[in-house]
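Participant: Can you look at this prediction? I've put the sequence above it.
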Amino acid sequence: MDIFAGIETIATRALRGERLSFEDGVALFRSSNLLGIGKLADTLNQRRHGGRVYFNQNRHINPTNVCVNRCKFCAFSKNPDEAGAYTMQIEDALRAAQACPDSVREFHIVGGLHPDLPFTYYTELLRTLKSHFPARHIKAFTAVEIDYFATITGESPRWVLEQLMAAGLGSMPGGGAEIFAHDTRQIICQEKIDAERWLEIHRVAHELGLKTNATMLYGHVETIEDRVDHLLRLRELQNQTHGFQAFIPLAFHAENTEIATRNASGIDDLKVLAISRILLDNFDHIKAYWVMLGENVAQISLSFGVNDLDGTVVEEKITHAAGATSPEAMAKDHLIHLIQAAGKIPVERTTTYEVVDTITTLEGS
Ligand code: V47
Ligand code: SF4
């Protein structure tokens with residue numbers, strides 16, 4: 001049987017380096033030829049990266065879970081007076097940073113939209129961490145938080161980003177993108193900035209020389225068309241700025257949220273990752289976030305177009321609040337084992353994809 005049965009013309013065009021259309025994307029999602037989609041994504045991935053799979057050692061810090069937005073899919077956020085609401089003093093965040101091993105190269109900092117914290121809390125937080133850990137990269141604040149800082153200061157996102165960069169911001173994570181399609185976005189996160197604002201803030205960040213990531217939250221109430229629309233809007237901005245480093249699909253977890261069920265199977269997880277690789281022809285890196293996918297699917301995804309496995313993530317809060325059963329952290333050796341057992345070459349990287357170490361010795365040798 002032809003491995004590309006049912007998707008022959010799409011595969012031929014993609015392998016010739018032609019850009020795929022919205023209709024092609026929908027056809028791929030509708031196809032049941034999972035192995036064909038995977039083979040196509042894997043071939044495109046191998047052309048870019050050979051057998052290399054990147055990982056980094058990072059530490060997530062979530063300074064507060066108090067949030068004025070309360071998105072329907074979010075189990076992490078709380079009202080200020082609700083049980084379990086917390087806000088770290090800057091010294092608490094510093095202590096968390098000090099407690100992690102020297103090998104950690106990145107702090108990934110995101111949190112809720114707190115009604116009372118001043119903008120200076122965030123600049124002070126970055127300055128404090130940077131003064132204690134000058135060599136660590138700070139990847140912090142989603143476009144949603146940048147927009148909120150602009151609102152509370154009455155300044156522009158450009159001004160906010162410039163202040164944060166002066167305080168030590170090195171790049172931006174990809175959260176807050178959720179799903180761009182207006183009607184679906186209204187259902188899952190009505191209070192959140194719209195797609196145009198999210199994209200505009202990433203454009204400004206790219207203009208200022210910051211690299212950023214992009215995400216897509218799937219497996220809730222979105223349609224296949226919503227997913228393809230989301231990917232193509234990202235591809236369009238990337239065409240103009242080339243500022244995105246990685247795309248990370250995020251698998252929805254339903255527990256403790258206002259959305260009743262998760263609407264994505266293991267097959268959907270693999271399809272979303274593979275089709276992201278195929279449609280996002282101008283993104284270098286497709287990242288599997290094992291915290292949300294689980295270790296097994298994340299490992300299999302390395303043969304479905306994924307070239308980056310995130311990460312050693314110490315203490316993950318957002319997905320675990322929504323019922324993720326994966327461990328809260330993964331040791332470097334275990335990450336290396338997962339990559340090698342998939343027949344790939346683990347490459348430890350910095351946030352901006354400089355190679356720290358290519359691990360060529362087989363585990364146990
Ligand atoms: O924006 C919230 C998502 C995101 C749930 O840039 C949920 O390197 C699943 O963006 N089920 C934050 N997902 C995480 C994020 C991220 C993660 C890893 C790496 C990077 C990067 C970015 O988590 C939020 C939202 O889309 N989220 N609640 C939930 N119940
Ligand atoms: Fe707040 Fe972010 Fe949760 Fe939405 S996803 S409620 S903005 S913390």
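Facilitator: Sure thing, it's come through. Ligands and ions are numbered 1, 2, ... in the order given.

Participant: Just the buried positions in stretch 85-100, please.
Facilitator: Taking 16 or more other Cβ atoms under 10 Å as the basis for neighbour counts, the residues of stretch 85-100 that come out buried are 85, 87, 88, 90, 93, 94, 96, 97, 100. All C-beta spots, glycine's among them, are computed from the backbone N, C-alpha and C.

Participant: The stretch 1-150 of the chain against ligand 1: which residues are in contact?
Facilitator: Contact residues (Cβ under 6 Å from any ligand atom) of the stretch 1-150 of the chain with ligand 1: 73, 74, 75, 142.

Participant: okay, now whichever residue of the stretch 251-365 of the chain sits closest to ligand 1: neighbour count?
Facilitator: As assessed by Cβ to the nearest ligand atom, ligand 1 sits closest to residue 322 within the stretch 251-365 of the chain, at 3.2 Å. If you count neighbours by other Cβ atoms under 10 Å, residue 322 ends up with 20.

Participant: Next: residue 28.
Facilitator: Counted with other Cβ under 10 Å, residues neighbouring residue 28 total 26.

Participant: and what of the one 4 residues further on?
Facilitator: Other residues near residue 32 come to 10 when the count uses other Cβ under 10 Å.

Participant: What separation do you get for the closest residue in space to it that isn't next to it in sequence and residue 36?
Facilitator: Of all residues not flanking residue 32 in the chain, residue 6 sits nearest, at 7.7 Å (Cβ to Cβ, 6 or more residues apart in numbering). Distance, residue 6 to residue 36, by Cβ to Cβ, to the nearest Å: 7 Å.

Participant: Also residue 285?
Facilitator: 23 Å.

Participant: quick revisit: so what's the residue of the stretch 251-365 of the chain closest to ligand 1 up against?
Facilitator: 73, 74, 75, 76, 252, 253, 254, 255, 256, 257 (Cβ atoms under 8 Å, 6 or more residues apart in numbering).

Participant: what residues are up against the fourth one?
Facilitator: Contacts for residue 76 were tallied using Cβ under 8 Å, 6+ apart; they are 62, 65, 67, 112, 317, 318, 321, 322.

Participant: Would you confirm that the fifth one contacts residue 62?
Facilitator: Translated: residue 317. Yes: A contact is recorded between residue 317 and residue 62 when judged using Cβ atoms under 8 Å, the distance being 5.1 Å.

Participant: more crowded one of the two?
Facilitator: Summary of the neighbour comparison: residue 317 and residue 62, criterion other Cβ under 10 Å, with residue 62 having more neighbours (20 against 17).
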